[in-house]
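*Asks:* here is my input, please return the structure:
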Amino acid sequence: KLSINAFDYNCHLDLIKLLRQEGELIKLRRARQKMSELFPLTEEIWLDWLKDEIKMASESSEREKVYELFERAVKDYICPEIWLEYAQYSIGGIGQEGGIEKVRSIFERALTAVGLHVTKGTALWEAYREFENAILETAQPAPGSVPSPEQQQMLCSQLEKIHTLFRRQLGIPLLDMEASYAEYEEWSEEPIPETVIKNYKKALQQLEKYKPYEEALLSAETPKLAEYQAYIDFEMKAGDPARIQLIYERALAENCLVPDLWARYNQYLDRQLKVKELVLSAHDRAVRNCPWTVGLWIRYLLAMERHRVDHGIISEMFEKALNAGFIQATDYVEIWQAYLDYLRRRVDFTQDSSKELEELRSAFARAVEYLKQEVEERFSESGDPSCTIMQNWARVEARLCNNMQKARELWDNIMTKGNAKYANMWLEYYNLERAHGDTQHCRKALHRAVQCTSDYPEHVCEVLLTLERIEGTLEDWDAAVQKTENRLARVNEQRAKAAEKEAALAKQEEEKAEQRKQARAEKKASKKAKKTRTGDKRKADDDDESEWGQEEGEQPSKRHKGDGDGDGVLLEDMEVETGLFGRSGPEKPDHPANQKEKASTSRKDIPKVLHDSSKDNVTVFVSNLSYNMADPEVKLKELFESCGEVAEIRPVFSNKGAFRGYCYVEFKEEKSAHQALGLDRKVVEGRPMFVSPCVDKNKNPNFKVFRYSTTLEKHKLFISGLPFSCTKEELEDVCKAHGNVKDIRLVTNRAGKPKGLAYVEYENEAQASQAVLKMDGLTVKEHVIKVAISNPPLRKVPDKTEAGKASPFAVPRQVYGARGKGRTQLSMMPRALQRQSNPVAKAENGMVQNSPATSSEPPEEPKKMSNADFAKMLLKK
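*Replies:* Numbers count the residues shown, from 1 in each chain. This next block holds a predicted model:
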């Protein structure tokens, strides 16, 4: 895996763990070495590595390698445990020449680095004192002997060292410093000086100020960014550089992948401390931790130039930046511009030609080619549409090299890249010509600008006329006036045509909207008329009224057909069939198979409850439910009662009494409705339930409900190519290795089936960027996934002009048939005849059959009737 992707952080950890278990020490050392070259190692990894190397180091040459390893470890992060381990290991070499001084040197460096650590600094001070006490014990003369003057001087010197350590420690606010003070009182044979007591009390007062911040860090959950930032702000106000550096280092040890934190720390070091080794080390660690952040690389290059680092090292660092894997095309433009600025500052332009100048020109040419080839191939854009790098190159050639010919060639190239239509581009070129060229080329540029500019032609025309007014002849003035008048006339004509076209389109839209409105009204009237005709057909055998005698808005009456006991069965379409075919007879007793149809039929008696828009604030609209859901009121009430008291649930049924998969849920309180929106996408009977605010579309026709962001979110990833069998838990196991995962959303269709897509939200941009680098191209269950920062494309708005071309009698486009196609072909066969085409099935479902008394033979299946047969039958009357 590492041969494919060397930046797989977790794979490095797994390999090191396996090699350590197997005892493969040589391979283990090599694996750790490779990982340390790519990443700063955490405190735990360094301590494991150091302990393993310490076990194997027996000879002096091997001890030196361990010292070198410790030096590398303390440079990655400032960790008290590593410094303590380093100091204690160095005590083992005390017997070597200069061993004692080396130990003291390491202890002093450790105190400088972490001796001010409020919670962990005490351990280092105590270890240092124990070391000095051990030396004091060895310097004591034998019992009964008189020490020599040299021995007495050494004893006094050693005692003074221990006194100094106590006094230094007591002047620093550290936890448990009261115990250290008591220990000093017990150890010292002389009274503690007043200055020491005064410094101790002052440190105690300071400690009380630090305690709230330390307690906040102890109680906070990772990453503790807010708590650390408050601590940093407190230290910045106090203004102690050592303490400011320490709190930044503590924060970065726990938040090493936060670019903004590194940027603030490096800015402080650049502007305040300005110590070369410290500054460059911090910049180097920043880009190793967050290589995808172009701003950190730019600050690093500037810091290296500021501290006069060798040119070869700076160029090498720039090449590393190009291979860092930035996430935006514009990042490459920024890093190239920073490097080109550095190269320009190296050039002595008083010389006509120099090695540095040639290097600068070569870098400009390479930058243009790099953006055109490498960046455009990866991002489908160069990241520099305005050609800022080429513009800067032209300025350098014109102003610093006095080479206007090269500058004009560059600007000609810029204009051919789609920039000729912008007035500001032409004016930029004109200003360059004005400052370093001649009037002839200025005039030529403005004439081209008048001809090509499409955004602000008036501005360009005004500049041309101003030029000719000041410097032109009469012929030049006439030519300019004629050219500008002709151009502006064409522009005004084009604008007038565009306005007319826009007005015509607006008028067409209004007409089409009116047509659609009229079509809907006609369709609604047609449906009402059809229901009226159905009601008249029922009465055809009983009265002499006209076939279309009922009023258009009147609903057909429903009759009960019973056996005299008052328990009639509600019939609707069935009675139409009885009237058409002349069938009559007693109804058969209920059959169990009729229960479902009876239930749906009974729902037809329920009057339609119109939604009260005044209650939208306490109502949610629920959709995408299963059509086969039994008792949706009961089922949904159980789901939504957890959000608050439910006032009413109004399921929507079809004319046949079947549940249509959506309903209104009304609550007693508005906050319950808001809480109910949290149940959106909850799986109910195998389908994701959609819960959205209840909005009157007549008052808000453009209202759309989409709960997820459709803009760039740098802390969220979009993953494609996932296997359909991948679960949320499995994906979380893959993603959480690269940061703290806040949320994972697997994209599904309306039926709840996965689409192989997912959105993963991290706590911050840094973690998401790191995950992109490490997860893109990863194999999950034999599927290679693609990972990118979430940046959904803009949703296309449907063309209203196309939608308006539909026939006024066609079914609206949003209505779909069984296979997902629009039901645009209307059946002209009456429903009654369609149902009667299979009388056997109808009989089994409780339909009225021929009476046995009137016919001894089983009922014969009537043959299917055509429209002509049906018309003849009706005209017999």
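
*Asks:* which strands and helices lie in contact with the longest helix that the chain contains?
*Replies:* Once the chain is assigned using DSSP state H, the helix that runs over the most residues is helix 474-538. Where contact means 3 or more Cβ pairs under 8 Å, 6 or more residues apart in numbering; DSSP states H and E, helix 474-538 is packed against helix 439-452, helix 457-471, helix 573-581, helix 800-803. Just so you know, the C-beta spots here come from the backbone N, C-alpha and C atoms, and that holds for glycine as well.

*Asks:* please repeat the previous calculation with a cut-off of 10 Å.
*Replies:* helix 439-452, helix 457-471, helix 573-581, helix 800-803, helix 831-836 (3 or more Cβ pairs under 10 Å, 6 or more residues apart in numbering; DSSP states H and E).

*Asks:* show me how far that helix is from its chain's centre.
*Replies:* Centroid separation for helix 474-538 versus its chain: 40 Å, with Cα atoms, centre = their mean, to the nearest Å.

*Asks:* what does stretch 391-403 give?
*Replies:* Mean C-alpha position of stretch 391-403 versus that of the full chain (Cα atoms, centre = their mean) differs by 41 Å.

*Asks:* quick one: mean pLDDT for it?
*Replies:* Stretch 391-403 carries an average pLDDT of 95.

*Asks:* which parts of it are buried?
*Replies:* Buried residues in stretch 391-403, defined by neighbour count with 16 or more other Cβ atoms under 10 Å: 391, 392, 393, 394, 395, 396, 397, 398, 401, 403.

*Asks:* how about stretch 343-354?
*Replies:* Residues of stretch 343-354 classed as buried by neighbour count (16+ other Cβ under 10 Å): 343, 344, 347.

*Asks:* could you work out the end-to-end span of it for me?
*Replies:* 12 Å (Cα to Cα, to the nearest Å).

*Asks:* what average pLDDT does that stretch get?
*Replies:* Per-residue pLDDT over stretch 343-354 has a mean of 92.

*Asks:* other residues contacting it?
*Replies:* The set of residues external to stretch 343-354 that reach it, using Cβ atoms under 10 Å, 6 or more residues apart in numbering, is 305, 311, 314-315, 318, 355-364, 392-393, 396, 399-402.

*Asks:* show me those that map onto helices.
*Replies:* Counted as lying in helices by DSSP H, out of the contacts of stretch 343-354, are 305, 311, 314-315, 318, 355-364, 392-393.

*Asks:* list only buried entries from these.
*Replies:* So, of the ones in helices among the contacts of stretch 343-354, 305, 314, 318, 356, 357, 360, 361, 363, 364, 392, 393 end up buried under the neighbour-count rule (16+ other Cβ under 10 Å).

*Asks:* as TSV, the residues you listed with distance to residue 219 would be great.
*Replies:* Shown next, in TSV, are these (distance: Cβ to Cβ, whole Å):
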residue	distance to residue 219
305	44
314	45
318	44
356	57
357	60
360	55
361	59
363	52
364	55
392	52
393	56
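
*Asks:* closest to residue 188 among these?
*Replies:* Compare each of these with residue 188 using Cβ to Cβ and the shortest gap goes to residue 305, at 52.7 Å.

*Asks:* tell me which element the residue lying closest to that closest one once chain neighbours are set aside is part of?
*Replies:* Of all residues not flanking residue 305 in the chain, residue 342 sits nearest, at 5.5 Å (Cβ to Cβ, 6 or more residues apart in numbering). In this assignment (DSSP states H and E), residue 342 forms part of helix 329-346.

*Asks:* go on, residue 715?
*Replies:* strand 713-720.

*Asks:* residue 683 pairs with what?
*Replies:* Bridge pairing for residue 683 (DSSP bridges) gives the partners residue 688.

*Asks:* okay, it and residue 631: tell me how far apart.
*Replies:* If you measure residue 683 against residue 631 using Cβ to Cβ, to the nearest Å, the figure is 19 Å.

*Asks:* re the thing from before, any idea which of the helices and strands packed on helix 474-538 scores lowest on pLDDT?
*Replies:* Ranked by mean pLDDT, these bottom out at helix 573-581, with a mean of 35.

*Asks:* now do the same for residue 266: its pLDDT.
*Replies:* Note on residue 266: pLDDT of 96.

*Asks:* report the contact partners of it.
*Replies:* Residue 266 sits next to 248, 279, 282-283, 285-287, 295-296, 299-300, 302-303 when contact means Cβ under 10 Å, 6+ apart.

*Asks:* now, which of the residues you listed sits nearest residue 258?
*Replies:* Of all those, residue 258 sits closest to residue 286, with 10.2 Å by Cβ to Cβ.

*Asks:* need the residues that contact stretch 2-19.
*Replies:* Taking Cβ under 10 Å, 6+ apart as the rule, stretch 2-19 contacts 1, 24-32, 34-39, 41-42, 45, 48-49, 291, 325, 734, 737-738, 770, 773-779.

*Asks:* returning to what we had before: out of the buried residues of stretch 391-403, the closest to residue 197 would be?
*Replies:* Relative to residue 197, and with distances defined as Cβ to Cβ, the nearest of these is residue 392, at 64.1 Å.

*Asks:* counting neighbours, what do you get for residue 639?
*Replies:* Residue 639 sits with 18 neighbouring residues when counted by other Cβ atoms under 10 Å.

*Asks:* which element is it on?
*Replies:* When elements are assigned from DSSP H and E, residue 639 belongs to helix 632-640.

*Asks:* returning to what we had before: from the contacts of residue 266, which two are the most distant?
*Replies:* Among these, 248 and 302 lie farthest apart (Cβ to Cβ), at 19.2 Å.
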